[in-house]
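**Student:** no sequence on hand, only this structure:
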């Protein structure tokens, strides 16, 4: 992913409906298992521009890691200090170093061996540690956005669950998310292939008044997953325990 995409994420991460809604969903997942007195050792693997640091720091001491120099630069620009440049397929940490590892939209990248990455994550988790994971769903939804953000693969729930279990994780929770908006965004992605010639990632689209509406919809899904696992969606979230 190039500098301009990281810059775009940095500028929009605090206000864009997708990021705000996903942050609410991630908070729900963390609160399934931890409270703010947990004092966890946390690694945000593939930390990007550092948009989830504030949330994760409520639960313990956090280290951010990313292979991209642009990601580290923008995370530092946010004021974050505990940052390491490194690869998820060869982690620069000792065995059993972390209680919680988050990997939000990381495994899907080009040139990442997802099974090797999961094995590395498993290695550096404590004996009762957890992985909270998010990936994009359905390869048939690939579009211009995927090209711009260097997507290598989009997953099905069954596939992701299989890979987690194969690595040795106990899958404590797994669900599709971004379900309510799925029909509209799926239609957009399909139409891209036929009619539209979008030249930018979806982040560059100005949703104007819809931004607030979409944000509320995704935040509502954060409440929904407290009750049920959603049957389809644009992304998948999972929690695996070692």
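**Tutor:** Received the coordinates, thanks. Computed from a prediction, not measured in an experiment: that's the story for all the values here. Numbering: from 1, shown residues only.

**Student:** near residue 102, how many other residues are there?
**Tutor:** When neighbours are counted by other CB atoms under 10 Å, residue 102 registers 26. C-betas here are computed from N, CA, C, even on glycine.

**Student:** what helix or strand is it on?
**Tutor:** Element membership for residue 102, per DSSP states H and E: strand 98-104.

**Student:** tell me the strands beside that strand, with direction?
**Tutor:** Here strand 98-104 is paired, per DSSP bridges, with strand 40-45 (parallel), strand 125-136 (parallel).

**Student:** could you list the residues in contact with the shortest one?
**Tutor:** Surrounding strand 40-45, the residues in contact under the criterion CB atoms under 8 Å, 6 or more residues apart in numbering are 34, 50, 52-53, 56, 59-65, 88, 91, 93, 97-104, 106, 121, 124, 126.

**Student:** buried residues, the lowest-mean-pLDDT helix or strand in the chain. List them.
**Tutor:** Ranked by mean pLDDT, DSSP states H and E, the weakest helix or strand in the chain is helix 144-148, scoring a mean of 76. Neighbour counts over helix 144-148 (16 or more other CB atoms under 10 Å) mark 144, 145, 146, 148 as buried.

**Student:** same deal with stretch 228-240?
**Tutor:** Within stretch 228-240, the residues that count as buried by 16+ other CB under 10 Å are 230, 232, 233, 234, 235, 236, 237, 238, 239, 240.

**Student:** going by distance to residue 115, which of those residues wins?
**Tutor:** residue 240 (13.3 Å; CB to CB).

**Student:** if I look at the closest residue to that closest one other than its chain neighbours, how far off is residue 188?
**Tutor:** Nearest residue to residue 240, sequence neighbours excluded (CB to CB, 6 or more residues apart in numbering): residue 169, at 3.2 Å. Here residue 169 is placed at a distance of 33 Å from residue 188 (CB to CB, to the nearest Å).

**Student:** how close does the residue nearest the centre of the chain sit to residue 135?
**Tutor:** The residue lying closest to the centre of the chain (CA atoms, centre = their mean) is residue 104, at 2.0 Å. Distance of residue 104 to residue 135, given as CB to CB: 9 Å.

**Student:** go on, residue 99?
**Tutor:** In this view, residue 99 and residue 135 are 22 Å apart by CB to CB.

**Student:** same check, this time on residue 49
**Tutor:** For residue 49 relative to residue 135 (CB to CB), the value is 19 Å.

**Student:** pick out whichever of the two has more residues nearby.
**Tutor:** Taking neighbours as other CB under 10 Å, residue 49 and residue 135 compare with residue 49 leading, 28 against 24.

**Student:** need the residues that contact stretch 14-25.
**Tutor:** Against stretch 14-25 from outside (CB under 8 Å, 6+ apart): 12-13, 51-52, 55, 104, 134, 177-178, 202-203, 207, 210-215, 217-219, 221-222, 225, 235, 237.

**Student:** among those, which ones are in helices?
**Tutor:** Among the contacts of stretch 14-25, the ones falling in helices (DSSP state H) are 12, 55, 210-215, 217-219, 221-222.

**Student:** can you flag the buried ones in these?
**Tutor:** For the ones in helices among the contacts of stretch 14-25, buried by 16+ other CB under 10 Å: 12, 55, 211, 214, 215, 217, 218, 219, 221, 222.

**Student:** I'd say residue 129 and residue 239 touch.
**Tutor:** No - the pair residue 129 and residue 239 fails to qualify as a contact (CB atoms under 8 Å) at a distance of 11.2 Å.

**Student:** pLDDT below threshold where in this structure?
**Tutor:** 193-204 (pLDDT under 70).

**Student:** max-length helix in it?
**Tutor:** Ordering each helix of the chain by length in residues (DSSP H) puts helix 17-33 first.

**Student:** what residues sit buried inside that one?
**Tutor:** Here helix 17-33 shows 17-30, 33 as buried, counting by 16+ other CB under 10 Å.
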